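A.B. asks: no sequence for this one, just the structure:
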(Lines give C-alpha, C1' and ligand atoms only; values in the text may rest on other atoms or scores of the structure.)
Protein backbone atom coordinates (compact mmCIF):
# COMPACT_ATOMS: atom_id res chain seq x y z
CA UNK A 1 0.00 0.00 0.00
CA UNK A 2 1.08 3.56 -0.68
CA UNK A 3 0.36 4.83 2.82
CA UNK A 4 1.30 8.44 2.10
CA UNK A 5 -1.05 8.62 -0.89
CA UNK A 6 -3.84 7.13 1.23
CA UNK A 7 -3.28 9.79 3.88
CA UNK A 8 -3.30 12.56 1.30
CA UNK A 9 -6.54 11.35 -0.27
CA UNK A 10 -8.36 11.13 3.04
CA UNK A 11 -7.01 14.43 4.27
CA UNK A 12 -8.94 15.91 1.35
CA UNK A 13 -11.97 13.64 1.77
CA UNK A 14 -12.47 13.76 5.53
CA UNK A 15 -14.41 17.02 5.78
CA UNK A 16 -17.27 15.94 3.48
CA UNK A 17 -16.94 12.17 3.80
CA UNK A 18 -20.01 11.52 5.98
CA UNK A 19 -22.20 13.83 3.93
CA UNK A 20 -21.27 12.10 0.66
CA UNK A 21 -21.05 8.50 1.85
CA UNK A 22 -23.50 7.87 4.69
CA UNK A 23 -26.78 7.62 2.78
CA UNK A 24 -25.56 5.94 -0.46
CA UNK A 25 -23.86 3.14 1.49
CA UNK A 26 -26.40 2.74 4.32
CA UNK A 27 -28.14 -0.41 3.05
CA UNK A 28 -24.90 -2.10 2.01
CA UNK A 29 -23.30 -1.25 5.36
CA UNK A 30 -26.26 -2.72 7.23
CA UNK A 31 -26.09 -5.90 5.16
CA UNK A 32 -22.33 -6.26 5.72
CA UNK A 33 -22.64 -5.88 9.48
CA UNK A 34 -25.59 -8.26 9.57
CA UNK A 35 -23.39 -10.86 7.80
CA UNK A 36 -20.81 -10.54 10.59
CA UNK A 37 -23.32 -12.39 12.82
CA UNK A 38 -22.07 -10.60 15.92
CA UNK A 39 -23.55 -11.42 19.31
CA UNK A 40 -23.75 -9.30 22.48
CA UNK A 41 -20.46 -9.28 24.35
CA UNK A 42 -18.28 -10.07 21.32
CA UNK A 43 -15.37 -8.05 19.93
CA UNK A 44 -15.39 -6.52 16.44
CA UNK A 45 -12.49 -5.08 14.46
CA UNK A 46 -13.40 -2.27 12.04
CA UNK A 47 -10.29 -2.39 9.86
CA UNK A 48 -10.05 0.88 7.99
CA UNK A 49 -12.81 2.41 10.10
CA UNK A 50 -12.62 5.90 8.59
CA UNK A 51 -14.96 8.35 10.31
CA UNK A 52 -16.72 5.59 12.25
CA UNK A 53 -19.88 5.34 10.14
CA UNK A 54 -20.18 1.65 11.07
CA UNK A 55 -19.89 2.15 14.83
CA UNK A 56 -23.59 2.69 15.50
CA UNK A 57 -24.55 -0.63 13.90
CA UNK A 58 -21.61 -2.45 15.47
CA UNK A 59 -22.60 -1.07 18.89
CA UNK A 60 -26.12 -2.32 18.40
CA UNK A 61 -24.74 -5.77 17.55
CA UNK A 62 -22.20 -6.24 20.38
CA UNK A 63 -23.94 -4.15 23.04
CA UNK A 64 -22.27 -2.19 25.83
CA UNK A 65 -20.67 -5.37 27.16
CA UNK A 66 -18.96 -5.97 23.79
CA UNK A 67 -15.94 -4.27 22.30
CA UNK A 68 -15.12 -2.42 19.05
CA UNK A 69 -11.61 -1.71 17.80
CA UNK A 70 -11.27 0.82 15.00
CA UNK A 71 -8.02 1.10 13.03
CA UNK A 72 -7.27 3.74 10.42
CA UNK A 73 -4.17 5.36 8.96
CA UNK A 74 -5.76 8.80 8.49
CA UNK A 75 -5.63 11.17 11.45
CA UNK A 76 -8.20 13.38 9.73
CA UNK A 77 -10.73 10.56 9.43
CA UNK A 78 -10.07 9.33 12.97
CA UNK A 79 -10.65 12.82 14.39
CA UNK A 80 -14.24 12.55 13.17
CA UNK A 81 -14.53 8.99 14.47
CA UNK A 82 -13.37 10.14 17.91
CA UNK A 83 -15.97 12.89 17.85
CA UNK A 84 -18.70 10.30 17.18
CA UNK A 85 -17.45 8.12 20.04
CA UNK A 86 -17.39 11.09 22.43
CA UNK A 87 -20.83 12.41 21.42
CA UNK A 88 -22.45 8.96 21.77
CA UNK A 89 -20.65 8.01 24.97
CA UNK A 90 -19.36 4.73 23.55
CA UNK A 91 -17.00 3.64 26.30
CA UNK A 92 -16.26 0.29 24.63
CA UNK A 93 -14.70 1.69 21.43
CA UNK A 94 -10.92 1.78 21.08
CA UNK A 95 -9.46 3.79 18.19
CA UNK A 96 -5.93 3.51 16.88
CA UNK A 97 -4.13 5.50 14.22
CA UNK A 98 -1.86 2.96 12.56
CA UNK A 99 -0.51 1.68 9.28
CA UNK A 100 -2.82 -1.28 8.70
CA UNK A 101 0.11 -3.33 7.40
CA UNK A 102 1.88 -2.94 10.75
CA UNK A 103 -0.99 -2.54 13.21
CA UNK A 104 0.42 -5.06 15.70
CA UNK A 105 -2.95 -6.36 16.88
CA UNK A 106 -3.17 -9.07 19.52
CA UNK A 107 -3.50 -12.48 17.84
CA UNK A 108 -6.97 -14.06 18.03
CA UNK A 109 -8.37 -11.09 19.94
CA UNK A 110 -11.58 -10.35 17.99
CA UNK A 111 -14.62 -12.37 16.96
CA UNK A 112 -15.28 -10.65 13.62
CA UNK A 113 -13.57 -8.28 11.19
CA UNK A 114 -15.16 -5.66 8.95
CA UNK A 115 -13.50 -4.09 5.90
CA UNK A 116 -16.04 -1.69 4.42
CA UNK A 117 -15.06 0.21 1.26
CA UNK A 118 -11.37 -0.44 1.95
CA UNK A 119 -10.20 -1.42 -1.53
CA UNK A 120 -6.53 -0.60 -0.85
CA UNK A 121 -6.52 -2.80 2.26
CA UNK A 122 -8.02 -5.69 0.30
CA UNK A 123 -5.11 -5.42 -2.15
CA UNK A 124 -2.46 -5.63 0.57
CA UNK A 125 -1.63 -9.18 1.61
CA UNK A 126 0.30 -7.80 4.60
CA UNK A 127 -2.68 -5.78 5.84
CA UNK A 128 -5.13 -8.65 5.40
CA UNK A 129 -2.74 -11.01 7.19
CA UNK A 130 -2.68 -8.62 10.17
CA UNK A 131 -6.48 -8.65 10.33
CA UNK A 132 -6.81 -12.41 9.85
CA UNK A 133 -4.24 -13.06 12.57
CA UNK A 134 -6.29 -10.91 14.96
CA UNK A 135 -9.40 -12.98 14.20
CA UNK A 136 -10.22 -15.94 16.41
CA UNK A 137 -10.57 -19.40 14.88
CA UNK A 138 -14.12 -19.74 13.64
CA UNK A 139 -14.46 -15.97 13.46
CA UNK A 140 -16.11 -14.15 10.59
CA UNK A 141 -14.42 -11.74 8.15
CA UNK A 142 -16.72 -9.55 6.06
CA UNK A 143 -15.56 -7.24 3.27
CA UNK A 144 -17.84 -5.00 1.25
CA UNK A 145 -17.39 -2.29 -1.33
CA UNK A 146 -17.48 -1.33 -4.98
CA UNK A 147 -16.90 -3.74 -7.86
CA UNK A 148 -17.17 -3.76 -11.62
CA UNK A 149 -20.04 -5.56 -13.26
CA UNK A 150 -20.36 -7.25 -16.66
CA UNK A 151 -22.34 -7.21 -19.87
CA UNK A 152 -24.67 -4.36 -20.73
CA UNK A 153 -24.83 -3.26 -17.10
CA UNK A 154 -21.07 -2.97 -17.06
CA UNK A 155 -21.02 -0.76 -20.14
CA UNK A 156 -23.57 1.49 -18.49
CA UNK A 157 -22.37 1.49 -14.88
CA UNK A 158 -18.62 0.77 -14.68
CA UNK A 159 -17.64 4.31 -15.62
CA UNK A 160 -19.70 5.57 -12.69
CA UNK A 161 -18.05 3.04 -10.36
CA UNK A 162 -14.60 4.21 -11.43
CA UNK A 163 -15.59 7.86 -11.06
CA UNK A 164 -16.70 7.61 -7.44
CA UNK A 165 -13.93 5.15 -6.49
CA UNK A 166 -10.92 7.08 -7.78
CA UNK A 167 -11.00 9.85 -5.12
CA UNK A 168 -10.80 7.21 -2.38
CA UNK A 169 -8.41 4.50 -3.64
CA UNK A 170 -4.81 4.36 -4.82
CA UNK A 171 -4.98 0.99 -6.62
CA UNK A 172 -7.59 0.62 -9.37
CA UNK A 173 -6.66 -2.96 -10.21
CA UNK A 174 -8.80 -5.87 -9.15
CA UNK A 175 -12.14 -4.07 -9.11
CA UNK A 176 -13.69 -7.02 -10.91
CA UNK A 177 -13.01 -9.33 -7.91
CA UNK A 178 -11.80 -7.19 -4.98
CA UNK A 179 -11.99 -10.13 -2.56
CA UNK A 180 -9.39 -12.31 -4.35
CA UNK A 181 -6.58 -11.96 -1.79
CA UNK A 182 -8.95 -12.46 1.11
CA UNK A 183 -10.16 -15.67 -0.52
CA UNK A 184 -6.58 -16.89 -0.81
CA UNK A 185 -6.12 -16.38 2.93
CA UNK A 186 -9.46 -17.77 4.17
CA UNK A 187 -10.55 -20.17 1.45
CA UNK A 188 -13.86 -19.99 -0.44
CA UNK A 189 -16.01 -16.98 0.42
CA UNK A 190 -19.75 -16.38 0.26
CA UNK A 191 -20.08 -13.43 -2.13
CA UNK A 192 -23.27 -11.47 -2.71
CA UNK A 193 -23.64 -8.94 -5.50
CA UNK A 194 -25.46 -5.76 -4.53
CA UNK A 195 -26.59 -2.53 -6.22
CA UNK A 196 -27.06 -4.02 -9.69
CA UNK A 197 -23.70 -5.78 -9.50
CA UNK A 198 -21.70 -2.60 -8.72
CA UNK A 199 -21.11 -3.59 -5.09
CA UNK A 200 -20.51 -6.78 -3.11
CA UNK A 201 -20.52 -8.33 0.34
CA UNK A 202 -17.98 -11.15 0.83
CA UNK A 203 -17.98 -13.33 3.94
CA UNK A 204 -15.41 -15.88 5.08
CA UNK A 205 -14.68 -17.90 8.20
CA UNK A 206 -11.22 -18.37 9.68
CA UNK A 207 -10.43 -22.06 9.89
CA UNK A 208 -7.84 -23.39 12.33
CA UNK A 209 -7.00 -26.16 9.87
CA UNK A 210 -6.36 -23.73 7.00
CA UNK A 211 -4.25 -21.50 9.26
CA UNK A 212 -1.96 -24.42 10.00
CA UNK A 213 -1.48 -25.41 6.34
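C.D. replies: Sure thing, it's come through. Worth saying up front: this structure is predicted, and the values here are computed from it rather than measured. Residues are numbered from 1 along each chain as shown.

A.B. asks: Quick check: residue 72 touching residue 50?
C.D. replies: Yes - contact status for residue 72 versus residue 50: in contact at 6.0 Å, counting by CB atoms under 8 Å. From N, CA and C alone the C-beta is placed, and that goes for glycine too.

A.B. asks: overlap in contacts of those two?
C.D. replies: By CB atoms under 8 Å, 6 or more residues apart in numbering, residue 72 and residue 50 have these common neighbours: residue 81.

A.B. asks: Which strands or helices does the lengthiest helix in the chain pack on?
C.D. replies: What stands out as the longest helix in the chain, according to DSSP state H, is helix 17-35. The elements that helix 17-35 packs onto, with contact taken as 3 or more CB pairs under 8 Å, 6 or more residues apart in numbering; DSSP states H and E, are helix 55-62, helix 75-88, strand 110-116, strand 135-146, strand 190-194, strand 199-205.

A.B. asks: will you turn these into TSV that also has mean neighbour count and mean pLDDT?
C.D. replies: Output for these, formatted as TSV (neighbours: other CB atoms under 10 Å; pLDDT from 0 to 100):
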stretch	mean neighbour count	mean pLDDT
helix 55-62	19	98
helix 75-88	16	96
strand 110-116	25	98
strand 135-146	22	97
strand 190-194	14	96
strand 199-205	22	97
